[in-house]
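Colleague: Please find the sequence and the predicted model below.
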Amino acid sequence: MPFSSPFTRRNSLLIFLLACAGLLGCQKNSPSSFTISPEDAARKNPVELTQVTVSQGQKLYSSSDCAICHGKEGDGKGVLAKDISMNMHDWRDSTALATATDGELFFILAKGKGRMPGYEKHQTPGQMWEMIDYIRSLGRK
């Protein structure tokens, strides 16, 4: 029987889970499912931007699979994005989000876009707005 340490088993499990996320969570949404209405685009973030909401948003971003594609620091260089040749935005660049409204970001986060899955069944609206606060804060640093 080959030697198998807990570290090797843990790494194997991590690789398996990343592969599952890539195969199941990042399936392409159909083009017809991605239309943002003017009403959705015009939605304003009801969560006041504070250091607390940014911190909460960062925790949610880090604990969900956002970082797998968008990068731990929001640089667009996540492990899965590199593996499947996805071209991700660098949220630290203030121009990356300059033309996106909060409503558009909320819609994309809730419903998904392209290979990105929607999170409306996994996060509350308040949590998604906090993640938007965090993402926006990356470009202000």
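Modeller: Yep, it's here.
Colleague: C-alpha from now on. contacts and neighbour counts both.
Modeller: OK.
Colleague: and Ala100, how many neighbours?
Modeller: Neighbourhood size, Ala100 [other C-alpha atoms under 10 Å]: 11.
Colleague: meant to ask about Lys77, not that
Modeller: Lys77: 21 neighbours (other C-alpha under 10 Å).
Colleague: The closest residue to it other than its chain neighbours and Gly103: what is the separation?
Modeller: Nearest non-adjacent residue to Lys77, counting by C-alpha to C-alpha, 6 or more residues apart in numbering: Gly71, 4.8 Å away. Gly71 sits 22 Å away from Gly103, going by C-alpha to C-alpha, to the nearest Å.
Colleague: can you count the residues close to Leu109?
Modeller: 22.
Colleague: Next one: it, what pLDDT does it get?
Modeller: Listed pLDDT for Leu109 reads 94.
Colleague: In three-state terms, label it for me.
Modeller: helix (DSSP: H, G, I helix; E, B strand; the rest coil).
Colleague: residues in contact with it?
Modeller: Taking C-alpha atoms under 8 Å, 6 or more residues apart in numbering as the criterion, Leu109 is in contact with 117-120, 128.
Colleague: can you rerun that using 6 Å?
Modeller: Shown in contact with Leu109 (C-alpha atoms under 6 Å, 6 or more residues apart in numbering): 118-119.
Colleague: What's the separation between it and Gln123?
Modeller: For Leu109 relative to Gln123 (C-alpha to C-alpha), the value is 10 Å.
Colleague: for Asn87, same thing?
Modeller: 25 Å.
Colleague: Who has more neighbours out of the two?
Modeller: A count of neighbours by other C-alpha under 10 Å puts Gln123 above the other of Asn87 and Gln123, at 16 against 12.
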